[in-house]
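Build the 3D model from these lines:
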Amino acid sequence: MDALSRVLELSDVKGAPDLRCLLSGQFAIHHDLVPAGEAPYHLVLSGRAQVQVPDGTVVQLQEGDLLLLPRGSAHVMRNAQGACKGAGAMTMDDSDALPVRSNTGGDIELDLLCGRFTYAPGSADMVMAALPDVLHVSLADHGGMDIVRALVAMLRTEVAAMAPGAAAVVTALSQALFVLAVRAYTQRADVPASLLLLLADARLGSAVLAMLRHPEQAWTVESLAESAAMSRASFARHFAAKGNSSPWELLTILRMRMASNLLLHGKLPVGEVAERVGYRSEAAFGKVFARQMGQTPAAYRRAHGQAI
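Numbers count the residues shown, from 1 in each chain. Predicted structure coming up:
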């Protein structure tokens with residue numbers, strides 16, 4: 001498994017579509033700020049639109065574009081021209097599992113899939129924290145509209161049928177949509193210093209992958225530099241420039257994220273979890289975990305429905 005895939009897996013981002021919008025003419029749909037841990041998205045299946053975010057920035061959307069708001073920012077979805085005088089009344093048809101919002105009974109100028117991704121806030125939002133407040137990517141340019149339409153068609157089918165296993169399929173398809181968006185973002189030339197920029201660098205990414213594969217190892221800058229086939233000085237300099245953190249800071253975050261997964265998806269005692277992510281002392285592990293995750297390991301496990 002490559003480093004980006006492993007980090008995305010650890011981030012445990014889940015998602016699902018909320019509704020489909022079939023719109024025409026002039027309209028303005030206001031979306032309020034959502035709670036931490038939620039990231040709304042809009043995927044244009046056909047047509048054009050524009051979105052205005054709180055700082056006044058206007059983003060133009062066209063077929064195949066996905067707009068993701070990792071911090072859940074308030075925003076306004078408008079028709080492509082931006083006007084909203086004489087907008088038609090909105091109706092909501094919730095007769096199917098995936099509701100449809102519309103302001104037209106005739107021609108459809110904009111077909112929009114709206115949904116949200118959810119993730120654990122705090123140090124666990126490794127990927128979301130590395131994304132801009134407003135992420136706008138063209139999935140059509142990174143895979144083509146055939147892939148986008150196939151994904152959305154499967155999502156709609158599974159949501160409508162709700163056959164056994166549908167929830168798992170919807171989660172997997174939504175995660176695929178998220179991965180496509182993140183991958184498209186990492187291929188830009190203007191990605192700022194972040195975990196994602198590290199992963200996009202072949203040599204530095206190999207060092208991150210080494211951490212992910214062996215979190216229990218007593219890593220040093222020297223050993224990480226060796227895994228990246230770089231000198232210690234060059235590795236430390238490039239890591240700081242592209243990752244906006246030290247190797248030790250990133251290693252700590254990765255270890256805590258892996259520990260949280262072990263706590264939630266297994267029955268290992270806390271002491272053994274600590275050992276698996278590189279801590280000989282359960283007390284030391286507990287202090288770092290509480291600082292990073294906002295709860296002790298025991299409280300974190302209890303809060304998510306599992307007993308120690």
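
Every contact and neighbour count from this point should use C-alpha atoms.
Noted.

what separates stretch 4-16 from the chain centre, distance-wise?
7 Å (CA atoms, centre = their mean, to the nearest Å).

What are the buried residues along it?
4, 7-8, 10-16 (16 or more other CA atoms under 10 Å).

For W219, see how far away L45 is.
Using CA to CA, to the nearest Å, L45 is found at 46 Å from W219.

swap in F178?
Note on F178: its distance to W219, by CA to CA, is 31 Å.

More neighbours: these two, which one.
Set side by side, F178 and W219 show more neighbours around F178, with 20 against 16, by other CA atoms under 10 Å.

quick one: secondary structure of that one?
Classification of F178 by DSSP: H, G, I helix; E, B strand; the rest coil places it in helix.

if I look at it, how far off is V34?
Distance, F178 to V34, using CA to CA: 18 Å.

Ok, A168 next?
Using CA to CA, one gets 24 Å for the distance from A168 to V34.

Poorly predicted segments of the stretch 101-250 of the chain, please.
121-124, 143-144, 162 (pLDDT under 70).

Centre of the chain to the longest strand along the chain, how far?
For the chain, the strand with the greatest residue count under DSSP state E is strand 38-52. Centroid separation for strand 38-52 versus its chain: 16 Å, with CA atoms, centre = their mean.

which other helices and strands contact that strand?
Packing contacts for strand 38-52, counted by 3 or more CA pairs under 8 Å, 6 or more residues apart in numbering; DSSP states H and E, involve strand 58-62, strand 65-68, strand 75-79, strand 110-118.

Make TSV out of those strands and add mean neighbour count.
Compiled in TSV, these are given as follows (neighbours: other CA atoms under 10 Å):
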stretch	mean neighbour count
strand 58-62	18
strand 65-68	24
strand 75-79	21
strand 110-118	20
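
Tabulate those strands (JSON lines), appending distance to M256.
Shown next, in JSON lines, are those (distance: least, CA to CA, whole Å):
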{"stretch": "strand 58-62", "distance to M256": "36"}
{"stretch": "strand 65-68", "distance to M256": "26"}
{"stretch": "strand 75-79", "distance to M256": "33"}
{"stretch": "strand 110-118", "distance to M256": "19"}
